[in-house]
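Visitor: pasting the sequence and the predicted coordinates here, then a few questions.
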Amino acid sequence: MTTTDTAWERLVAAALLGTDRRPPAGARGAEAASTLLDAAARHTLRRRAGLRPGPAAVPPEPAPHDPRPALPEAARRRLDHLLAGRGAVPAAGRRGTAPDLAELLPQWLALAGERGYKAPPAALPALLDAARARTDLRPRALAFAGPRGVWLARLNPEWRFALRGGAGGALPDPGDEEAVRKLWEEGLFAERVALLGAVRAKDPAAGRALLATTWAGERAEDRLMFLDSLRAGLSAADEEFLEAALADRSRNVRATAAELLSALPGSAFAGRMAARALTCVGLDRTASVPTVVVEAPHECDEEMRRDGVAAVPPAGRGERSWWLGQLVEAAPLACWPARFGGRTPEEIVALPVADDWQPELHAAWCRAAVRQRDAAWSRALLGAPSTPPATGPGTSSLAERAQLLSTLDPAERARWVAAFVAAHGLSEAFQLLGVCTVPWAEPLGEAVIDALDVARDAGSYPWSFSGVMGLAERCLSPDAARLLASSAAVPEAEDTSPGAGAYWSEAFQRLVATLDLRARMRAELDGPPG
């Protein structure tokens, strides 16, 4: 033990025993305690000064180069503002007239991504924090952060989520067979899912072949996720692989394989399901009015179970109706016109259905139209937008109508929803608005603004339409701000519910401010490079 260590031990002993029992050298009484502390301070300084430096830590590798162009200066400042305001807690009560920056950040990231900009290095920590807090931001935030974001995420455990999805340039080029094979065999599950999606997007056959190399050894839950990735680029070339998956030991894998095969109307699977469905549903021409008759299956045999038909229904569902629905939704819709005497989808849907089978049959046709992306059948099942939902030709479910609308092209979808809003107002339209392309086309935007004006004039309170207002802030075209000037004015007198006019004015002012800010965001991103 060195002299220095011995002296330190004496100081420690004096502190533990007390200066009355072991006073420091040359000190007695009241001065002993301060003398001890002074000696400890001097000794500590000597010990620290005498420490030998340890080996230098290995510095991290330099951040990779990101070749994308930098943001325009105005857009960079806007990003800082959005990131700083994303976590602001709104005051209790009214929201006020200021735009919600947290809801504008996703739109800003989408616009920046469309233009191919890279994230400013100084903004990466806040951007990764935002992506950590909101999973809905992650795909766009990580793509914008790019390879430097992934590099930075390796240095902070709180950002490790950025390393799991293979985002921001971490995936190998799908054409690099060796790198793809290595990551597929050695990567984390989320990296493998992202890799399969990337390969599948570039070359569907290569993606399917990659999956086949390890399919037999994958866990059931992983097989399910991997199989779901075949939806992108699904074609007849995938039929053989999916047919083999019908014999999988996992029920969920079998069901997903069956669903994917039913989206291929020309597949052998679709033919088998059509044959079964056609024996269950037909036309009674002897009735005074041609009527659809249904004879649901009496059993779920082994062949049906092999083709993915679930034998046990959910609680509250009858077995026969459960089996019927699965057969009809998996049958190609092209088989029905011939079965019904050459009738069109509209004419088939309009036929009466005997014995209260209409809800089950039409719901199955709705699922088939969505799965097969059949716009003609979707139009027939949607019916006229002016028809009340409860009496529509195909379905009274707004969720099903929203799914049917997704099969139509964006312009037709917007026109249909605009007419629905004009006929029924906004209270029934929220789900339908959510499937329309952003920004909303002019007829739809005008219909929503008109319906909000009607609701205000009718004396409704604006918080009853807060969901639609939030959608309008995100989805209306910024050009629609010109239509809102009169709505945003504060009323001189209120003839409706007390206080409602001021609230409506505030909500419209916030809507105008948000649309104005969205227009400025776009202009800033289109500005000169920074």
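Guide: That came in fine, so what should we check first? Residues are numbered from 1 along each chain as shown.
Visitor: so Ala206 sits against Trp184, correct?
Guide: No: assessed by C-beta atoms under 8 Å, Ala206 is found out of contact with Trp184, at 11.2 Å. Just so you know, the C-beta spots here come from the backbone N, C-alpha and C atoms, and that holds for glycine as well.
Visitor: more neighbours: those two, which one.
Guide: A count of neighbours by other C-beta atoms under 10 Å puts Trp184 above the other of Ala206 and Trp184, at 18 against 15.
Visitor: state the pLDDT value of the more buried one.
Guide: You'll see Trp184 listed with a pLDDT of 93.
Visitor: what packs against whichever strand or helix holds it?
Guide: Assigned by DSSP states H and E, Trp184 belongs to helix 177-186. The helices and strands touching helix 177-186, judged by 3 or more C-beta pairs under 8 Å, 6 or more residues apart in numbering; DSSP states H and E, are helix 189-202, helix 204-214.
Visitor: among the ones you listed, which is nearest Lys118?
Guide: The closest of the helices and strands packed on helix 177-186 to Lys118 is helix 189-202. By C-beta to C-beta, the value is 19.7 Å.
Visitor: dump that closest one to PDB, keeping only the CA atoms.
Guide: Included here for helix 189-202 are C-alpha records, laid out as PDB according to Å, rounded to 0.1, in the frame of the first residue of the first chain:
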ATOM      1  CA  PHE A 189     -37.600 -10.800 -37.700                       C
ATOM      2  CA  ALA A 190     -38.700  -7.200 -38.400                       C
ATOM      3  CA  GLU A 191     -35.600  -6.800 -40.700                       C
ATOM      4  CA  ARG A 192     -36.600 -10.000 -42.600                       C
ATOM      5  CA  VAL A 193     -40.200  -8.800 -43.000                       C
ATOM      6  CA  ALA A 194     -39.000  -5.500 -44.400                       C
ATOM      7  CA  LEU A 195     -36.500  -7.300 -46.600                       C
ATOM      8  CA  LEU A 196     -39.100  -9.600 -48.000                       C
ATOM      9  CA  GLY A 197     -41.400  -6.600 -48.700                       C
ATOM     10  CA  ALA A 198     -38.600  -4.800 -50.500                       C
ATOM     11  CA  VAL A 199     -37.600  -7.800 -52.600                       C
ATOM     12  CA  ARG A 200     -41.300  -8.600 -53.400                       C
ATOM     13  CA  ALA A 201     -41.900  -5.000 -54.500                       C
ATOM     14  CA  LYS A 202     -39.100  -5.200 -57.000                       C
END
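Visitor: now it: mean pLDDT?
Guide: Averaged over helix 189-202, pLDDT sits at 88.
Visitor: quick test: name the residue nearest the centre of this protein.
Guide: Centroid check for the chain by C-alpha atoms, centre = their mean gives Asp136 as the closest residue, at 5.6 Å.
Visitor: tell me where the stretch 251-400 of the chain has helices.
Guide: 251-262, 268-280, 302-306, 319-330, 336-339, 345-350, 358-371, 375-382, 398-405 (DSSP state H, counting those that start in this stretch).
Visitor: other residues contacting the following helix or strand past the last one?
Guide: Next in sequence after helix 398-405, counting helices and strands by DSSP H and E, comes helix 410-424. Surrounding helix 410-424, the residues in contact under the criterion C-beta atoms under 8 Å, 6 or more residues apart in numbering are 382, 385-386, 388-389, 405-406, 408, 428-429, 432-433, 435-437, 440-441, 443-444, 446-448, 450-451.
Visitor: just the buried ones from these?
Guide: The neighbour count (16 or more other C-beta atoms under 10 Å) marks 382, 385, 389, 405, 408, 429, 432-433, 435-436, 440-441, 443-444, 446-448, 451 as buried among the contacts of helix 410-424.
Visitor: tell me where the chain is predicted with low confidence.
Guide: Counting by pLDDT under 70, the chain shows low-confidence ranges at 1-5, 26, 86-95, 164-170, 389-396, 486-501, 530.
Visitor: what residues go with each domain of it?
Guide: 3-46, 266-386, 409-530 (automatic domain parsing).
Visitor: for the second one, measure first residue to last.
Guide: Read that as domain 266-386. Domain 266-386 has its terminal residues 35 Å apart, counting by C-alpha to C-alpha, to the nearest Å.
Visitor: how far away from the center of its chain is that domain?
Guide: 31 Å (C-alpha atoms, centre = their mean, to the nearest Å).
Visitor: try the longest one
Guide: Between the centre of domain 409-530 and the centre of its chain there are 23 Å (C-alpha atoms, centre = their mean).
Visitor: then the first one?
Guide: Here the centre of domain 3-46 is set off from its chain's centre by 66 Å, with C-alpha atoms, centre = their mean.
Visitor: scan the chain for its longest helix.
Guide: Secondary structure assigned by DSSP state H gives helix 500-525 as the longest helix of the chain.
Visitor: which strands and helices sit next to it?
Guide: helix 73-85, helix 101-114, helix 442-457, helix 466-475, helix 485-488.
Visitor: so it versus helix 466-475, what angle?
Guide: 20 degrees (axes from the mean of the first three to the mean of the last three C-alpha atoms, to 10 degrees).
Visitor: quick check: the spatially closest residue to Arg373 that is not a sequence neighbour vs Glu360, distance?
Guide: Counting by C-beta to C-beta, 6 or more residues apart in numbering, Arg373 lies nearest to Thr407, which is 5.1 Å off, once chain neighbours are set aside. Counting by C-beta to C-beta, to the nearest Å, the gap from Thr407 to Glu360 is 21 Å.
Visitor: adding distance to Arg47, write the helices of the stretch 251-400 of the chain out as CSV.
Guide: Listed next are the helices of the stretch 251-400 of the chain as CSV, based on distance: least, C-beta to C-beta, whole Å:
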stretch, distance to Arg47
helix 251-262, 64
helix 268-280, 78
helix 302-306, 77
helix 319-330, 78
helix 336-339, 89
helix 345-350, 88
helix 358-371, 74
helix 375-382, 80
helix 398-405, 71
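Visitor: closest to Leu227 out of these?
Guide: That would be helix 251-262 among those, by C-beta to C-beta, at 5.2 Å.
Visitor: please list the outside residues in contact with that closest one.
Guide: Residues from elsewhere that reach helix 251-262 (C-beta under 8 Å, 6+ apart): 220, 223-224, 227-228, 230-231, 234, 238-239, 242-243, 245-248, 267, 269-270, 273, 306-310, 329-332, 368, 371-372.
Visitor: re earlier: ok, the residue nearest to Arg373 - contacts?
Guide: Counting by C-beta under 8 Å, 6+ apart, Thr407 has contacts 369-370, 373-375, 378.
Visitor: pull the most distant pair out of the residues you listed.
Guide: For the contacts of Thr407, the farthest-apart pair by C-beta to C-beta is Val370 and Ala375; their separation is 10.8 Å.
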